[in-house]
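Sequence unavailable; structure follows:
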């Protein structure tokens, strides 16, 4: 199932969780950025799951290394599972 979440909405969540200006969030924003630590990674996943009403598997969560990875997953280019 494809989850509908606009890129801007995803960027807003990303910006809020990472504590960075939305203008700095692009496809290349990665876990190499100091703001993207393990705690923020978990908070980000929780926020996305809540907003999109889905549950990501640990395999999916571990594959998210850039904003683009997350965006593709949410768009449905990756495998995802909606909550029952």
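Ah, there it is. Because the structure is a prediction, the values reported are computed rather than measured. Numbers count the residues shown, from 1 in each chain.

Disregarding residues adjacent in the polypeptide, which is nearest to the residue nearest the centre of the chain?
Closest to where the C-alpha atoms of the chain average out (CA atoms, centre = their mean) is residue 70, at 4.2 Å. Closest residue in space to residue 70, ignoring its immediate chain neighbours: residue 64 at 5.0 Å, by CB to CB, 6 or more residues apart in numbering. For every residue, glycine as well, the C-beta is placed using N, CA and C.

Just the buried positions in the longest helix along the chain, please.
Counting by DSSP state H, the longest helix found in the chain is helix 38-52. For helix 38-52, burial by neighbour count (16 or more other CB atoms under 10 Å) applies to 40-41, 44-45, 48, 52.

And it, what does it pack against?
Judged by 3 or more CB pairs under 8 Å, 6 or more residues apart in numbering; DSSP states H and E, helix 38-52 is in contact with helix 7-18, helix 67-75.

Check the average confidence over the longest one, would you?
So that's helix 7-18. For helix 7-18, mean pLDDT rounds to 93.

Show me what it is packed up against.
helix 38-52, helix 67-75.

Would you single out the least confident of those?
helix 67-75 - the lowest mean pLDDT of these, at a mean of 90.
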